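Student: below are the sequence and a predicted model for it; my questions follow.
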Amino acid sequence: MVTTLPKEMIEQCRKKLLEVKSEILNRVRESRMDLYNQDDYKGGDEGDQTMRALAESEFLSMHERLRQQLMEIETALSRIERGTYGICEETEEPIERERLLAIPWTRLSIEGAEIREAVRRRYAR
């Protein structure tokens, strides 16, 4: 199905996607530099080493969340290029405009998200 969104809205969403992508890449770069540029990175007592390990674990956890978001952004940019942006993957109906403006990388309409959640709950038992 081909998108029926106005070109201005698609461009607005593309701009927001690129801005968020840039912010994420900057956050990852800065947090990596903060983590590995600490003066006391090597050595220290057991408490220091534990704190470093916790900081690394937190960094990796954040990094994974940001990586997932980057993948969603790249997928949304790809859908814009293919002309399928704004179409729900679950219902194949248009995604609500307000939802796209709020979460431009979303792949699901509200109805589609509810359907996926219901299926996930059913099979999680």
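Tutor: Alright, I've got the coordinates. Residues are numbered from 1 along each chain as shown.

Student: what's the pLDDT at Gln38?
Tutor: pLDDT recorded at Gln38 is 62.

Student: and the one 5 residues further on, by the same measure?
Tutor: As predicted, Gly43 sits at a pLDDT of 62.

Student: equivalent analysis for Glu98, please.
Tutor: 96.

Student: helices or strands up against the helix or strand encompassing Glu19?
Tutor: Using DSSP states H and E, Glu19 sits within helix 7-36. If contacts are counted by 3 or more Cβ pairs under 8 Å, 6 or more residues apart in numbering; DSSP states H and E, helix 7-36 sits against helix 46-82, helix 97-102. Every residue, glycine included, has its C-beta placed from N, CA and C.

Student: redo that, cut-off 6 Å
Tutor: Contacts defined by 3 or more Cβ pairs under 6 Å, 6 or more residues apart in numbering; DSSP states H and E place helix 7-36 against helix 46-82.

Student: what residues sit buried inside the helix it packs on?
Tutor: 52, 59, 66, 70, 72-73, 76-77, 79-80 (16 or more other Cβ atoms under 10 Å).

Student: same question, stretch 93-107
Tutor: 95, 99-100, 103-107.
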